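> With the sequence up front, the predicted model follows.
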Amino acid sequence: MRALLALAAAAGLAAPAPYPVVRPGIRLSFPADHGAHPAFRTEWWYVTGWLKGEDGRDIGFQITFFRVNPHAAGDNPSRFAARQVIFAHAALSDSRVGHILHAERAARAGFGLAGAATGDADVRLNGWTFRRLADGRFASRVGGRDFALDLTFRPTQPPLPQGQDGYSRKGPKPEQASYYYSMPHLAVTGAVVRAGRTERLRGEAWLDREWSSDYLASDAAGWDWTGLNLDDGGALMAFRIRRKGGGILWAGGSYRRADGRTTRLSPADVAFSPTATWRSARTGARYPVAQMLRIRLPGGIRAFPLRPVFPDQEVDARAAGQPVYWEGAVRTDGGRGYLELTGYTTPLTM
Amino acid sequence: MRDRFVTMHAIETRGLAKTVGRDRRLFHDLSMAVAPGELVAITGDSGVGKSTLLNILAGLDDADAGEVRIEGIALAGLAEAPRTRLRRERIGFVFQAFHILPYLTLEQNVALPLALISPDAAAARDQARAMLGEVGLADRGRDYARDLSGGELQRVAIARALVHRPAVILADEPTGNLDPDTATRILDLFARAVRSRDAAAVIVTHSVATAAVADRVLRLTAHGLVEQPLVAVDG
Amino acid sequence: MAEAGLLRSRLALAWLVLGEWRWHPGRFAATAVAIAVGVALGFAVHLVNGSALASFEQAVTGVNGVADLQVRARTPLGFDERRYPRIATAPGVTDASPVISLSARVGSGRFTLLGLDVIRAAAVTPSLIGTRPTGPDARSDAVFADDALFLSRAALTATRTRVGDRLPVTANGRTVSLRVAGTLPGAAAGQALGTIDIAAAQWRFGRLGRIDRLDLKLADRSAAERALPALIGADATIVSDDSQARQGDALSRAYRVNLDMLALVALLTGGFLVFSAQTLSVTRRLRAFALVRTLGLPRSGIVAAVALEGIIIGLVGATLGLIAGYAMASAALRLFGGDLGGGYFGGGTARVVFQPVAAATFFALGLAAALLGSILPARAAARAAPAAALKNAGDVLDPRAPVPWRPALVLLLAGGGTALLPAVGGLPVFGFVSMALLLAGGVAGVPWLVRWLLWPWREREIASVPRLLAIRHVQGAPGQAAIALCGIVASTALMIAMATMVTSFRGAVDSWLGQVLSADLYLRAESGDLDPATQRRIAAIPGIGRVAFSRQLPLTVAPDRPPVTLIARPVRGDAGYPLLVLLDRAAVPAGATPVWVSEPAARLYGWSPGRTLRLPIGGRPARFFVAGVWRDYARQQGALVIRDGDYVRLTDDRGRDEAAITLPPHADIATVRRAAAAVLPAGVSIAEPAALRRFALQLFDRSFKITYVLEAVAILVGLAGVAATMSAQTIARSKEFGMLRHLGLTRGQVTAMLASEGALLGLIGAVAGVALGALLGQVLIHVVNPQSFNWTMTTLWPVGTIAGVTAALTGAAALTAMLAGRRATAGDAVAAVREDW
């Protein structure tokens, strides 16, 4: 979840040398852009998806690796200098459990224990990995106290650049933006190990890749984001950035049909409206866990009701010094995906 | 009465008065005299002041009024030191409880008064031995108090009281802790020894048998000393 | 039946006890106080030690932040940081947090500065993580900042700073300006701790490439413990909290046990005091007891009555003692610190931690001492035939009765034999048992000693009546003398023993310092190193003869033992160095690398000359040949000397921290000293041997201060015992004095008799105490000391102390007897001879 970056990014000093600014007019190139962009302040590899267990039940999962350049190293020659910091997060939403199982890791890059390679996707952190294999598939291995995931992701569609060819605005100022592409409809195979039991899984996932230096406007409180793999092969991504004190600061998204035709959604084309809220007894936060997402397409407005598989998909990582957010597997009519709700406890600063 | 001419009294009191506590008057205007070689018994009920009188005679206690003279010397005029010297040299004591020091030999016990007068240990030992012989304990000089019976202990005490040839011997219930037979024997011994040395002896007692060995018996009452006729007691 | 009888007689028993109290409240109070003093001392010393150890353990956990396991460098040189990823990914290890550990100061304020990876530490040792101060303008940007310092509350106090201040922090010889970015709320109270980013610590404080420890979080402890030894390298060791606590424990255990023992001595003396007092009290009441027995009290009733008194004395005394002990412990911690001046626990301040088990133990010991001290005489009294006791005035003594000497001899022999047994778990348990046996034997032998000492006067005529009476009484009643003396003999013996040990030790240290400090000037880098450039400058100081640079490093040989000191310096030839006082040596075979081990090191690790040992110096174990054992009183945990050439070959470390400068004959030290001061960098101190020697002896005296205090208290308790017993015995003899006054002894003569008797007793007590003390001192020197501190010494007799104690004891006893005698004779001689009880 992107909110993790709050900590790491905020931790960066006022940079001695400025971070590169995200500007329009780039061309994404692969596999180089699967790899890290260390000069930028924040970057993530963000996989969410639905798996089917051996008994046919649905299991949601999330695997995220973050890279942050806190600009703290200066010219310190120490191998420990915090040039890059890697965070990772994994969560499992199993309706049989009724709440999210999650695990997190963090480390400064170095010593081969943690790092994000450039040139191709290869992120590692204390034994957790996310990388692209020679055959083009992605593979990830994560694990915590409650579960371990060992998954491979086979792309079935070309990458989906968000915004203007991968330049995705997040706020009213043009530099409040990120480079952003998604890879929807990844075919997943692998296994989950829980309580010593290995279960074979298959399913479908969504990879988000995003890097930027100035993600959130200072008056932003948080965001609602969703990525949906539609049963007809289409893919929908939509987000809105909420203003502190109420109101919407920015919104956007994209809709790609199975044939590849893509509609870019501008702030006026996206509307989220809560249909049900859930209050966390742990944190007291009230999340709009079910929403009606309306997007304006050339053919007219289309509505996607987002319904969580179960309401308690709050991730409380405060014990690890990380924020609280809601990251849940949701169904929609003719599709499935993930809904992310951040900044409902305290506003994020990114 | 003895046929001896008395030139000077060994003990002489005149007008003695003693009150103990706030107003318990033991006696007043008490006068008596004891000649050398005379053995006087003082009897009386418990608490009339027999022992107190004895202590006043010894200079260990002071009378409220009147005077005591030992061999003509007035005790009242003496400071503590000469009084002690007088007691040491001219007075012998016999106690009801014997008071034989357990950590000294009998010989040493007997020799104590001599040792107090002179550092001549050999002389003291010889005299003590002789004295022990006189009281019938000739070979017991090296023994200790724990080897002796009560009667024997009192013999030692008598030997100790006489060894330095005092002019005055004061005895307070000397047979109080002894059985009658032993008491009689001890008293005979005591009387004999006193007389043979021409000492003046005062025995405080309430035993008739003890009084029987005396030349005179004086009864101390609240009204003073009353001379009692001698009663012959058949042994 | 006896029980029922006793129960029915409880009113009579209560009367017996209460009557005694009503008549002698002071005596009861005094015995209770004696027990209280013993319990208080024991409890206080134990509490102080326990609290110090607890705070030490707290400090250990505080600095370590409760990691599951640590990989820790054996020396302050640290180990290679490249071992970190291998250990972090070892089987069973979940996470590893690398740490740089430095001792830092700001001005005079000192604290432990840890360089941490805040993210790793958050997972492994969360208590070491600082928080940001809360406030509208505060941002969290300090986490990786290379000048952000987080200080614990105690460190803030020690450095007199506040959050937001900028400070010059000195560590490892460098001074860096850091900003106090926040506090360490997880740090234990009293723990002076600071954290900065590990990269900043490496770079700013000159530790690039090295780390001092890795804090590990484990998933599978046994797997980790199997895998780690192969990965950590020779210059690191695996440490658990447990082994750290053991290390702290091992550091001071012997010292603490010795202090506990000393404190128990005070309790023992208190027990003897109760014994004396109760014996007298029983003797005095012998006829009262005989009477009640005649009236139908069973024999056990007597014992029960006296035991009841003992229990009440014990309860009152022990309760008072616990309260006083707690108060004393608090005061001592404030005045002397947690180690009572022993110098074992640095850093954190200790607070008194109440220990219920120890409290219960000392309470029980106090009670037991009082009870035992009462029951022994009561049993003797109960055995007496009532009729005889009634008839006799109680003076049943027989001067010719033989004095038993066999029990004393058996106890002394057993004590001597026990002293030969080896230590148990590093503690001289049998040494102390031996001392207890010798003490018991010594006290039991006092009556015999009295007889033996007075034997020459047995037959002799004594002209002076007072003196005759005095000598005859002591000679005739040695048992009574022994009762009066047992407390003082015990406390004198222990004091003389301690004094002998301390004097011998101090003398040994003094002469050793004289031998060891043979150079003319010593330089020492207080923080950081004398780097090669500085060494060259020092060597070039005009007017110096020879200069020897040395390196001193703590080296952890066994994880649960405190580190030994590794000393690298020039050593001439293979036969040692003039500065080493060799106790033992072996010829070094050609090609072997020699090491000279200190006496404590040799004893602790069993290294003997001629052996070959492997030492973890410079990243891999190196083989050394033990060329000799040298005397060392400075480093109780052991020290090793290796040649500086070998050291450089193994470690490539050319920094040194000390230099010993020898001047040519007739050179002027002051001139050279001035010249040296001119070329030395800041932080290097210059000292002359005399100053070092003075300083060392000051340290020595400071660390033994508490033992002096304990000794003095033991002696005072003993003297109080003599005073109480003598006066009680004197008063019991007032009848005798009355008779003597009738016989014509002046008051002065009676007083003179008592004074000579008191002096005689005091002298005998002193002789017995000194003789026994000499014996115990030998056990301390040759058994307890080598077994607990691992060094040996030759005996030096504290002649002054012995003379002083003897004089004080004789005088005090004579004075007490006189004062008591004055009271006993002040009453009327007339009343005294009267037959009454």
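Looks like it came in fine. Numbers count the residues shown, from 1 in each chain, chains lettered A, B, ... in the order given.
> Geometric centre of chain B: which residue is closest?
residue B:170 (1.6 Å; C-alpha atoms, centre = their mean).
> how close does it sit to chain C?
9 Å (C-beta to the nearest C-beta, to the nearest Å). (C-beta placed from N, C-alpha, C; glycine too.)
> Tell me which residues are up against the helix or strand hosting that residue.
Using DSSP states H and E, residue B:170 sits within strand B:168-172. Contact with strand B:168-172 is made by B:10-11, B:34, B:51, B:54, B:57-58, B:70-71, B:90-96, B:161-162, B:190, B:194, B:199-204, C:833, as judged by C-beta atoms under 8 Å, 6 or more residues apart in numbering or on different chains.
> Among those, which lie within strands?
Among these, the ones falling in strands (DSSP state E) are B:11, B:34, B:70, B:91-94, B:200-204.
> Can you tell me which of these is closest to chain A?
Set against chain A, the nearest of the ones in strands among the contacts of strand B:168-172 by C-beta to the nearest C-beta is residue B:93 (98.2 Å).
> ok, that closest one touching residue B:59?
No. Under the criterion of C-beta atoms under 8 Å, residue B:93 is not in contact with residue B:59, lying 11.8 Å apart.
> out of these two, which sits in the more crowded spot?
Under the neighbour definition other C-beta atoms under 10 Å in any protein chain shown, residue B:93 and residue B:59 were set side by side, and residue B:93 has more, 25 against 19.
> who touches that one in this structure?
The neighbourhood of residue B:93, defined by C-beta under 8 Å, 6+ apart, consists of B:58, B:161, B:169-172, C:739, C:742-743.
> Any idea how many residues pack against residue C:425?
That count, for residue C:425 with other C-beta under 10 Å as the rule, works out to 6.
> Could you measure from it over to residue C:788?
11 Å (C-beta to C-beta, to the nearest Å).
> For the stretch 601-750 of chain C, which residues are neighbours of chain A?
Residues of the stretch 601-750 of chain C found near chain A (C-beta under 8 Å from any C-beta of the partner chain): none.
> For the residue of the stretch 601-750 of chain C found nearest chain B, the count of nearby residues, please.
Chain B sits closest to residue C:744 of the stretch 601-750 of chain C, with a gap of 2.5 Å, by C-beta to the nearest C-beta. Residues near residue C:744, counting by other C-beta under 10 Å, number 25.
> Could you measure from the residue in chain A that chain C sits nearest to over to residue C:823?
Proximity of chain A to chain C (C-beta to the nearest C-beta) peaks at residue A:72, 3.5 Å away. Note on residue A:72: its distance to residue C:823, by C-beta to C-beta, is 85 Å.
> where does residue 184 land on pLDDT?
Using chain A here. Note for residue A:184: predicted pLDDT of 95.
> should've been chain C
On the pLDDT scale, residue C:184 gets 83.
> Can you get me a residue count around it?
Using other C-beta under 10 Å, residue C:184 has 25 neighbouring residues.
> and it, how far is that from chain B?
Taking C-beta to the nearest C-beta as the measure, residue C:184 falls 76 Å from chain B.
> got it, and residue C:74?
Per C-beta to the nearest C-beta, residue C:74 is found 71 Å from chain B.
> Tell me who's in contact with the closest residue in space to that residue that isn't next to it in sequence.
Counting by C-beta to C-beta, 6 or more residues apart in numbering or on different chains, residue C:74 lies nearest to residue C:556, which is 4.1 Å off, once chain neighbours are set aside. Contacts for residue C:556 were tallied using C-beta under 8 Å, 6+ apart; they are C:72-75, C:237, C:563-564.
> quick one: contacts for the residue of the stretch 601-750 of chain C closest to chain B?
Contacts of residue C:744 (C-beta under 8 Å, 6+ apart): B:84-85, B:87-89, B:91, B:113, B:116.
> three-state assignment of the closest residue to residue C:152 other than its chain neighbours?
Spatial nearest neighbour of residue C:152, chain neighbours left out: residue C:187 (3.5 Å); criterion: C-beta to C-beta, 6+ apart. Assigned with DSSP: H, G, I helix; E, B strand; the rest coil, residue C:187 falls in the coil class.
> Residue C:187 and residue C:129 touch, don't they?
No. Residue C:187 is beyond contact range of residue C:129, at 10.2 Å (criterion: C-beta under 8 Å).
> Mind checking which of the two has more residues around it?
Shown here are residue C:187 and residue C:129; by other C-beta under 10 Å, residue C:187 has more neighbours (25 against 21).
> ok, that one - contacts?
By C-beta under 8 Å, 6+ apart, the residues touching residue C:187 are C:62, C:127-128, C:152-155, C:193.
> okay, who's weakest in the residues you listed by pLDDT?
The pLDDT minimum for the contacts of residue C:187 sits at residue C:62, where the score is 53.
> Residue C:381: neighbouring residues, count only.
Residue C:381: 24 neighbours (other C-beta under 10 Å).
> by contact count, what packs against the helix or strand hosting it?
In the assignment (DSSP H and E), residue C:381 maps to helix C:356-383. Secondary-structure packing of helix C:356-383 (3 or more C-beta pairs under 8 Å, 6 or more residues apart in numbering or on different chains; DSSP states H and E): helix C:25-64, helix C:241-284, helix C:286-294, helix C:299-336.
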